[in-house]
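A.B. asks: dropping a prediction and its sequence here:
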Amino acid sequence: MVRNLFLSFIFLLTVCLNLQAQEGSLGIGTANPNPKAAVDISSTSKGLLIPRLTEAQRDAIATNGVSQPDIEGMIIYNKDRMAADIWLKDKWVRLPGQGGSGTSTAILNGTTDPGAIGNPGDYYINTSTTTFFGPKAADGTWPPGVPLVGPGSVNTTNIANSAVTVEKIQQGAANQVLTTNAAGTAVEWATLNLNTLQPGTANQVLTTNAAGTGVEWATLN
């Protein structure tokens, strides 16, 4: 018993002397901790496991909207959001680049509906069906997609039928010009009376008059 106490004392003394030699820097996995770090952890096979809390447990420490300078910079892992949170001034903030339902999200896209892609809080666009998904839930599921294009569609057949093409215009006769009819609803050939047609001037085109009963020269603007 005495021997064990003596060995424990020697161990603690050695640790204290080592810390003093390192000017307050504690090295874990390294004999030469960075002098600017209070704790310097070095490993190629292990990571740092910070406290893992639910959102309710996190909020029991501090609630958004109340300034608490004494915990400024505190970091916890939010199990509900599957992301790390940091306390800044008066609120918990999601650390950047994680997705989650905090302040950092990503907008992803692909030619199929989303599967396992993305993190909670991310959004997704299926570019093949122009369908929008998101945000991704904390449990890793995507909500049903919402079409980005309305239910209506463009009727290209109607556009083609209404278009004026050479094939749809009947052939005219000599001394005729193509013009609109009196109602302005269609085009037709009109016969020119070259004997009564007055010559025009520069920058004018031949068109029907306002009543649609004759042709006249109109100045281009």
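C.D. replies: Perfect, thanks for sending it.

A.B. asks: show me where the chain has its helices.
C.D. replies: Remark: helices assigned in the chain by DSSP state H are 2-21, 55-61, 156-162.

A.B. asks: ranking those by mean pLDDT, which is last?
C.D. replies: Least confident of the helices of the chain, judged by mean pLDDT, is helix 2-21 with a mean of 51.

A.B. asks: quick one: low-confidence ranges for this protein?
C.D. replies: 1-23, 96-105, 150-168, 192-197, 212-213, 221 (pLDDT under 70).

A.B. asks: what segments of it are strands?
C.D. replies: Using DSSP state E, the strands assigned to the chain run over residues 26-28, 39-41, 52-53, 75-78, 83-88, 91-94, 107-110, 123-126, 131-133, 146-147, 176-180, 187-191, 204-208, 215-219.

A.B. asks: in space, what's closest to residue 203 - neighbours in sequence excluded?
C.D. replies: Closest residue to residue 203 in three dimensions, ignoring its sequence neighbours and counting by CB to CB, 6 or more residues apart in numbering: residue 220, at 4.9 Å. C-beta here means a position set from N, CA and C on the backbone, and glycine is covered the same way.

A.B. asks: then residue 92?
C.D. replies: In space, and not counting its chain neighbours, residue 92 is closest to residue 85: 4.5 Å by CB to CB, 6+ apart.

A.B. asks: contacting residues for residue 149?
C.D. replies: For residue 149, the contacting residues are residue 130, by CB atoms under 8 Å, 6 or more residues apart in numbering.

A.B. asks: nope, residue 25 is what I was after
C.D. replies: So residue 25 contacts 19, 33, 34, 35, 36, 37, 38, 39, 40 (CB under 8 Å, 6+ apart).

A.B. asks: now it: closest residue in space that isn't a chain neighbour?
C.D. replies: residue 33 is the one closest to residue 25 (CB to CB, 6+ apart), at 4.2 Å.
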